[in-house]
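S.K.: build me a model from this:
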Amino acid sequence: MPRVFNFSPGPATLPEPVLRQAAEEMLDWHGSGMSVMEMSHRGKEFMGIYAEAEALLRELMGIPAHYKVLFLQGGAIGQNAIVPMNLIGRTGRADYVISGDWSRKSAKEAAQYGTVRIAASSEQDGRFRSVPAPDSWKIDPGAAYVHLCSNETIGGVEFFDTPDTGAVPLVADMSSDILSRPIDVSRYGLIYAGAQKNMGPSGLTVVIVREDLLGHALPITPTVFNYQIQAASESMYNTPPTFGIYIAGLVYRHVKALGGLGVVERMNREKAALLYDFLDASAFFSNPIEPGSRSIMNVPFWLRDSTLDAKFLQGADARGLVQLKGHRSVGGMRASLYNAMPIDGVRALVAYMREFEAEHG
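M.R.: Numbering: from 1, shown residues only. Just a heads-up that it's a prediction; the model follows:
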């Protein structure tokens, strides 16, 4: 069966060259006679894989030397608890910026470990159509950190400028837009991301943390979740997600071969513009997000007549355009355009939408 165009919000499509290389190496990695999944995480073969993955990520993102890179488990949902366990103890309180469902869930989880205050929110009538305006933020100078979600997969809003939080460290959940464009890592105290959007398979979580933020874990923090201990152990305090790290390394190598994050951003913006331009010109489909906050990773859209939703999805599936159903909390449709989604997939989607509108509009 030919490969479909997979618009899933995650686990998401991976670059085909990465999948092909992993398949070729599945039974015998570089003459070792074994799969990466069978290797000791402390053996020389895997340690080489690990070192290359970290070096490539540092190169691609320009990660400064005084930041630690951790390859962990638990996903972004786990980090919603692990971040405050490690950081909120600095002052006992933290600020959260709410731009959608995921940042709201992050704040709720963090409230179990200290005092959490909402520094800004863009919610209106129960919906999020933009990121909070920078002049609306009310940051507590005594907060241990300020947290945001840089891209909200459900609502389809994204931060494109790094906010200035002064002396308060900025923490970002970048699960759904990491590696999609260049960022200045030095503007952040900590970045965390589940791998299953732009970096690899589910089960791997990457944490990039400034060294001065280590060593503040609450006494209740399990040892395996203590950033300082994991950093000292080079993410080897426990058995790490070895196969996920291997695939992530292949993805990093692929992104570098494309030309780096500047090239990737141009490709992503071209894909997103193709879909948004169609939506803006359509009287049958709509996207209500303010243009300056529109995600280039996740594009939600709605049909004018929601009774046609099931028919639209059925027709899409028949054309190999899969996983377009919107999140259950908001309905409608959603096209996730992560790095590995080729522009041909977006062209095929727009062609189908144009055909559907002509037939039912």
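S.K.: all contacts plus neighbour counts: C-alpha atoms, from now on.
M.R.: OK.
S.K.: which residues in the protein form helices?
M.R.: 16-24, 44-61, 75-87, 101-110, 227-232, 242-258, 261-281, 309-318, 343-360 (DSSP state H).
S.K.: and the longest one, what does it pack against?
M.R.: It stands for helix 261-281. helix 242-258, strand 285-286, helix 343-360 (3 or more CA pairs under 8 Å, 6 or more residues apart in numbering; DSSP states H and E).
S.K.: please repeat the previous calculation with a cut-off of 10 Å.
M.R.: On a contact count with 3 or more CA pairs under 10 Å, 6 or more residues apart in numbering; DSSP states H and E, helix 261-281 meets helix 44-61, helix 242-258, strand 285-286, strand 298-303, strand 333-336, helix 343-360.
S.K.: pull out the buried positions in the last one.
M.R.: Along helix 343-360, the positions that meet the burial threshold by neighbour count (16 or more other CA atoms under 10 Å) are Ile343, Gly345, Val346, Ala348, Leu349, Val350, Tyr352, Met353, Arg354, Phe356, Glu357.
S.K.: contacts only, for the third one.
M.R.: When contacts are counted by CA atoms under 10 Å, 6 or more residues apart in numbering, Val346 is found next to 5, 7, 270-275, 321, 335-337, 352.
S.K.: and stretch 164-174, how far apart are its ends?
M.R.: Taking CA to CA, to the nearest Å as the measure, stretch 164-174 stretches 17 Å from start to finish.
S.K.: re earlier: got the helices and strands packed on helix 261-281 as CSV, with distance to Ser202 and mean pLDDT columns?
M.R.: CSV is the format used below for the helices and strands packed on helix 261-281 (distance: least, CA to CA, whole Å; pLDDT from 0 to 100):
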stretch, distance to Ser202, mean pLDDT
helix 44-61, 16, 98
helix 242-258, 7, 98
strand 285-286, 31, 97
strand 298-303, 18, 98
strand 333-336, 16, 98
helix 343-360, 23, 98
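S.K.: between those, which gets nearest to Val36?
M.R.: helix 242-258 (6.2 Å; CA to CA).
S.K.: next one: the closest one to chain centre, how far?
M.R.: 15 Å (CA atoms, centre = their mean, to the nearest Å).
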